[in-house]
Structures are given as C-alpha cells and as structure tokens.
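Enquirer: just need the structure, nothing else, for what follows:
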Amino acid sequence: MSVSTAFEKARADGRAALVGYLPAGFPSVEGSIEAMRAMVDAGCDIIEVGLPYSDPVMDGPTIQAAVQQALDQGTRVSDVLRVVEAVAATGAPTLVMTAWNPVERLGIERFAQALVDAGGAGLITPDITPDEAGEWTAAADARDLDKVFLVAPSSTPERLQLTVDASRGFVYATAVMGVTGARETTSELAAPLVERTKAATDLPVGVGLGISNGAQAAEIAGFADAVIVGSAFVRTLQHDADLRGLSALTADLAEGVRGA
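Expert: Numbering: from 1, shown residues only. Model (predicted):
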C-alpha cells in the first residue's frame with residue numbers, strides 16, 4: 001500500500017501522520033514483527049522497517065546498538081522482507097529504510113521486485129541522492145514504489161528542488177544536523193526547513209530526528225505532515241521486552257499528532 005493512502009486518511013482527520021521506525025531483527029526477527037504490529041495497533045500510520053547494515057549512515061548510538069544486535073543474530077535481507085510482509089499485512093504502509101549498499105549488492109531490480117512481492121510501499125534512502133539514483137528511480141517507477149529522499153537544513157535551493165522533484169510518497173526533512181537520537185527539545189531548524197520544502201512541492205513533508213514524546217510530536221505536527229520517530233521506540237524496546245512501554249509511547253505520540 002502506498003503511503004499516500006495514510007496521508008489522505010490523516011488529512012481527512014485534520015492531523016499529521018505518525019511514522020514509526022524499528023530495525024528488522026531487533027530484538028529478534030519475530031520480536032520486531034510483534035513490536036511493529038503493536039505500534040500499528042497503538043496508532044502508527046506508517047512503519048519504517050530498518051535494514052540492518054554494518055556501516056551506519058545517520059544512526060545514533062541507540063539505533064546502532066539495536067542494529068548491531070540484529071546483525072549479530074544473523075538478520076539478512078530475506079528476514080527484512082519477511083518483516084515487511086508481516087507488517088504490511090496489517091494494512092499500514094510499510095517502507096524499508098536502508099543504506100544503499102545492500103540494495104546494490106542484491107541487485108536493484110531484484111530488490112525492487114522483492115519489495116513489491118512482500119507488499120512494501122517503497123524505500124527511504126538516506127545516503128543516495130536523486131542524481132545518483134537513476135537505476136532505483138527507474139525500478140521504482142516501473143513498480144509504483146515510493147521513493148523517499150532526504151532534505152536537510154543545509155540543502156541549497158537547487159538541491160532541495162531536485163530532491164523533492166525526484167521523491168514520491170513524501171519528503172523526509174531531517175530537522176537536526178547530525179546523527180539520530182531522541183532529544184529533550186525539537187530543533188529550531190525544523191519549521192523553516194518544512195516551510196522551504198512545502199514551497200517547492202505538493203508532497204507531504206515528514207520531520208524526523210529527535211522526537212521522543214507526545215508534546216514534541218504535537219509541536220512538529222503543528223507545521224509538518226508527518227512526525228517520524230525512531231530512537232525513542234528503539235530505546236523503549238531495549239528496556240521493555242513485553243511491549244507495554246512501546247504501546248504506551250506510541251499512544252502518547254499518536255495523541256500528540258492528533259492534538260496538535
């Protein structure tokens with residue numbers, strides 16, 4: 001299912017969408033499926049499934065530790081696709097967030113088709129820019145897969161326009177310069193970046209990096225189309241294996257985007 005479906009529903013409800021991230025294979029393959037299903041049940045509109053990779057692109061220490069645990073347990077691309085299939089079966093649009101190397105290593109066409117076969121919505125690709133992504137763009141366009149590229153506060157007007165023109169589904173605005181991680185306050189760079197991005201595209205704009213509670217989610221939802229949360233979910237799952245904490249955090253964040 002395309003993420004546009006989730007954005008249309010959120011828009012009809014007069015709110016931002018809540019996007020939740022966890023790495024596949026953390027705390028185990030089955031455990032990650034159960035956790036992501038719990039996140040959907042508690043209010044996540046869209047799920048990002050992280051593909052564990054040994055060379056982190058923008059992961060902070062919390063996600064790095066979870067990814068390393070998944071890698072140590074032997075999580076493979078086939079396991080990631082199994083997670084995608086299980087989560088997509090809930091009806092929530094399910095994206096894979098991945099470094100580019102594993103996609104290239106498997107084969108771009110092969111990866112794209114496997115993602116379609118699993119019911120995935122598309123890819124978030126933080127370390128490849130649209131001008132380097134010609135093969136992926138062609139493979140995605142042939143299969144109606146979403147292509148989520150990133151913009152940052154440092155993006156020039158020309159780079160920002162190139163990025164949004166190449167994107168489909170939504171545009172990922174990284175509101176904090178640096179690596180991921182839950183923060184006490186959201187970035188003052190977020191609102192201006194969203195404003196610039198919205199001036200360049202009609203696509204929804206999601207904000208990620210640093211959101212850890214419902215109050216922060218409400219703040220971001222006041223000007224963005226999606227609130228993207230990763231490290232806070234990972235950290236909660238690291239300390240609470242029975243999923244009650246994860247469900248409670250999701251509910252708090254979901255209440256935040258609805259109350260903005």
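Enquirer: from the centre of the chain, give me the residue that's furthest out.
Expert: Going by Cα atoms, centre = their mean, the residue of the chain most distant from its centre is Glu158, 24.2 Å out.
Enquirer: please enumerate the strands of the stretch 1-150 of the chain.
Expert: With DSSP state E, counting those that start in this stretch as the criterion, the stretch 1-150 of the chain has strands at 17-23, 46-50, 94-97, 122-124, 146-148, 150-151.
Enquirer: could I get those as CSV with mean pLDDT?
Expert: Formatted as CSV, the strands of the stretch 1-150 of the chain follow (pLDDT from 0 to 100):
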stretch, mean pLDDT
strand 17-23, 97
strand 46-50, 98
strand 94-97, 98
strand 122-124, 98
strand 146-148, 98
strand 150-151, 96
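Enquirer: could I get those as JSON lines with mean neighbour count and distance to Ala35?
Expert: C-beta: built from backbone N, CA, C; applies to glycine. Shown next, in JSON lines, are the strands of the stretch 1-150 of the chain (neighbours: other Cβ atoms under 10 Å; distance: least, Cβ to Cβ, whole Å):
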{"stretch": "strand 17-23", "mean neighbour count": "28", "distance to Ala35": "6"}
{"stretch": "strand 46-50", "mean neighbour count": "27", "distance to Ala35": "10"}
{"stretch": "strand 94-97", "mean neighbour count": "27", "distance to Ala35": "13"}
{"stretch": "strand 122-124", "mean neighbour count": "25", "distance to Ala35": "19"}
{"stretch": "strand 146-148", "mean neighbour count": "21", "distance to Ala35": "22"}
{"stretch": "strand 150-151", "mean neighbour count": "22", "distance to Ala35": "24"}
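Enquirer: adding distance to Leu189, write those out as a markdown table.
Expert: Listed next are the strands of the stretch 1-150 of the chain as a markdown table, based on distance: least, Cβ to Cβ, whole Å:
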| stretch | distance to Leu189 |
| --- | --- |
| strand 17-23 | 19 |
| strand 46-50 | 21 |
| strand 94-97 | 21 |
| strand 122-124 | 20 |
| strand 146-148 | 19 |
| strand 150-151 | 11 |
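Enquirer: closest to Ala254 out of those strands?
Expert: In terms of Cβ to Cβ, the element of the strands of the stretch 1-150 of the chain nearest to Ala254 is strand 17-23, at 5.4 Å.
Enquirer: neighbouring strands for that closest one, and are they parallel or not?
Expert: Applying DSSP bridges, strand 17-23 is found paired with strand 46-50 (parallel), strand 226-229 (parallel).
Enquirer: what's it in contact with?
Expert: Strand 17-23 is contacted from outside by 6-7, 10, 32, 35-36, 39, 43-52, 63, 66-67, 70, 97, 204, 206, 208, 217, 225-230, 233-234, 237, 250, 253-254, 257, using Cβ atoms under 8 Å, 6 or more residues apart in numbering.
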